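Novice: here you go, sequence then predicted model.
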Amino acid sequence: MTKPLVTILDDEPEIRRMLVDVLEEAGFATLSFGRARAFEAALAKHTPDVCLVDLSLPDTDGLTLVHRLALEQGAIVIIISGRSQVQDRVTGLELGADDYIIKPFDPAEVVARIRARLRNTKPAPQAGDTASFSGWTAHFDRYILEDDTGGETPFSHAEGEVLRLFLDSPKRLISRTQMQESLGGAASESFDRAMDVRISRLRTKLREDPKNPQLIKTIYGAGYIFLGDVSWA
């Protein structure tokens, strides 16, 4: 079985070495980088399962890089940063990161969070990577939404987690608590705001009327319901 690949981008050599050691001992393959340019060049040759990204980088803005990774890569994106303010965490999650770990951290926590995120990316019970609904086809293997004319719109890994959750349980109420349990986030204001942003972006990509969405309905005080008929292939 191929080992999951974790790429590490952090300009501190000690942190890179520590993460490489603990992750390889835990059964992961790793590639580590101290500069964003080398990291991005490697992505042209390798397809990581998880990207660990520090925000304080010498040659690029970490948040911009996280946003680009979330849109263009199928990898799970986990921020590792010394920025501990709530707003920094919220911004990182809103830009598409799947998780946020604050320095200093316990290396075992990083391993546990990576494993939890990888468990959450298992295929849907219908065993497919493609779902059709209401004139749309979601390709989870390519992170693409295809409309009935063949037009394609990319979605991020984080948005895909939420979309798959809806498509797995159409026409059923999904509460905030269920979302938190299914997606592995910690119950918090930042988690709630991140979910709001992801759902808003999904509605935009599905061309929903923001004042009267027809597919993803908000049930105020209770959660959300996805109203489309779904078939998996």
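Specialist: Sure thing, it's come through.
Novice: dump the helix or strand harbouring residue 180 to CSV, restricted to CA.
Specialist: In this structure, residue 180 sits in helix 176-183 according to DSSP states H and E. This file holds the C-alpha atoms of helix 176-183, laid out as CSV (Å, rounded to 0.1, in the frame of the first residue of the first chain):
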residue,chain,number,x,y,z
ARG,A,176,-24.1,22.2,13.2
THR,A,177,-23.2,19.5,15.7
GLN,A,178,-23.4,16.8,13.0
MET,A,179,-21.3,18.9,10.7
GLN,A,180,-18.7,19.3,13.4
GLU,A,181,-18.6,15.6,14.3
SER,A,182,-18.5,14.5,10.6
LEU,A,183,-15.8,17.0,9.5
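Novice: after whichever strand or helix holds residue 70, which helix or strand is next?
Specialist: Per DSSP H and E, residue 70 falls inside helix 62-72. Using DSSP H and E, the helix or strand that follows helix 62-72 towards the C-terminus is strand 76-81.
Novice: show me what that following strand is packed up against.
Specialist: Judged by 3 or more C-beta pairs under 8 Å, 6 or more residues apart in numbering; DSSP states H and E, the packing partners of strand 76-81 are strand 50-53, helix 62-72, helix 86-94, strand 99-102, helix 107-119, helix 157-168. The way it works is simple: take the backbone N, C-alpha and C, and place the C-beta from them, glycine included.
Novice: how big is the angle separating that strand from helix 107-119?
Specialist: Counting by axes from the mean of the first three to the mean of the last three C-alpha atoms, to 10 degrees, strand 76-81 lies at 160 degrees to helix 107-119.
Novice: next, the angle from the helix holding residue 70 to helix 157-168.
Specialist: 40 degrees.
Novice: okay, which residue is most central for the chain?
Specialist: residue 158 (2.7 Å; C-alpha atoms, centre = their mean).
Novice: just give me how far the longest helix seen in the chain sits from the chain centre.
Specialist: Across the chain, the longest stretch assigned as helix under DSSP state H is helix 189-205. In this view, helix 189-205 has its centroid 12 Å away from the chain centroid, taken as C-alpha atoms, centre = their mean, to the nearest Å.
Novice: can you tell me which helices and strands that helix packs against?
Specialist: Contact here means 3+ C-beta pairs under 8 Å, 6+ apart; on that basis helix 189-205 packs against helix 86-94, helix 157-168, helix 176-183, strand 216-219.
Novice: buried residues of it, list them for me.
Specialist: Of the residues in helix 189-205, 190-191, 193-195, 197-199, 201-203, 205 count as buried by neighbour count, 16 or more other C-beta atoms under 10 Å.
Novice: biggest separation within those residues, which pair?
Specialist: 190 and 205 (22.6 Å; C-beta to C-beta).
Novice: per the annotation, how does the protein divide into domains?
Specialist: Here the domain assignment for the chain is 5-119, 130-232, based on automatic domain parsing.
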